[in-house]
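Enquirer: Task: produce atomic coordinates for the following.
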Amino acid sequence: MLTKSILIFASLLFACASDDGSPSSNVTPPMTPSAPLPQTSGTFAARYIVPVPAELADAAIYPVDHVDWEVAAGAVNLHYDLPEGLVGGLVPVSLSGPLAAGDTMIEVAGDNATGVCVATDSTVTCREEFFGLGALPLSMAVVTERAALEYSGPAADRQAVAGLFDTDPIGFVEIDLDSPVLDDHGTDN
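Expert: Predicted coordinates for the structure are as follows:
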């Protein structure tokens, strides 16, 4: 198991190397763990990042209203919806995996994705690879409408990111542990 984790970590470091400024570079968040993953449940604000060429980097960052990080019985369950501005409709994500005290990196899996999550002081970042989502976006009109509300650049940039995600559905959810949100019952988690 340790060898598998080392190989996953090494491949993440290689795949997620920082942008070198060239037009064909992918812009991705760092995946280097530096703190233990949270051992308590909570609901947090987040953002979703799609690895794209540098010229589309600003268009590839989407707000996520809330991500549920649920910890119970030595496991974590992660629940959120992919951004409508990316997928053009409702696409829920549910991933789970084992979580032990002190873990800084874990593997998660669900019905439509697999991933790896790492922690820094105030952020949990999960790199996810999706499968079986069908043709995306569900509605390019919704992508365009959301672009007008959430993005200051041209809607064509967001449309291009949606097209790239359809052909290569890989993304990162960055959970801001310093930004808890109210749950459905009106209390802080």
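
Enquirer: tell me which element residue 106 is part of?
Expert: Take DSSP states H and E as the rule and residue 106 turns out to sit in strand 105-109.

Enquirer: After that strand, heading C-terminal, what element do we hit next?
Expert: Following strand 105-109 in sequence, per DSSP H and E, is strand 113-119.

Enquirer: which residues sit against that following strand?
Expert: 8, 12, 31-38, 76, 78, 93, 95, 97, 104-109, 124-131 (CB atoms under 8 Å, 6 or more residues apart in numbering). For glycine as for every other residue, the C-beta is placed from the backbone atoms N, C-alpha and C.

Enquirer: In the sheet, which residues pair with residue 63? Tell me.
Expert: Beta-bridge partners of residue 63, counted by DSSP bridges, are residue 47.

Enquirer: is it true that it touches residue 47?
Expert: Yes: between residue 63 and residue 47 there is a contact under CB atoms under 8 Å: 5.9 Å.

Enquirer: Do a quick rundown of the helices in this structure.
Expert: 2-15, 84-87, 140-150, 155-167 (DSSP state H).

Enquirer: ok, back up a step: so what secondary structure elements neighbour the strand holding residue 106?
Expert: helix 2-15, strand 75-81, strand 92-98, strand 113-119 (3 or more CB pairs under 8 Å, 6 or more residues apart in numbering; DSSP states H and E).

Enquirer: Could you tell me the least trusted of those?
Expert: Of all the helices and strands packed on strand 105-109, mean pLDDT reaches its minimum on helix 2-15 (a mean of 39).

Enquirer: In this structure, where is pLDDT below threshold?
Expert: 1-27, 183-189 (pLDDT under 70).

Enquirer: residues near residue 42, how many?
Expert: 18 (other CB atoms under 10 Å).

Enquirer: Could you do residue 166 as well?
Expert: Close neighbours of residue 166, defined as other CB under 10 Å, add up to 16.

Enquirer: sorry, back to before: contacting residues around the strand holding residue 106?
Expert: Contacts for strand 105-109 (CB under 8 Å, 6+ apart): 5, 8-9, 33, 37, 76, 78, 95-99, 114-119, 126, 128.
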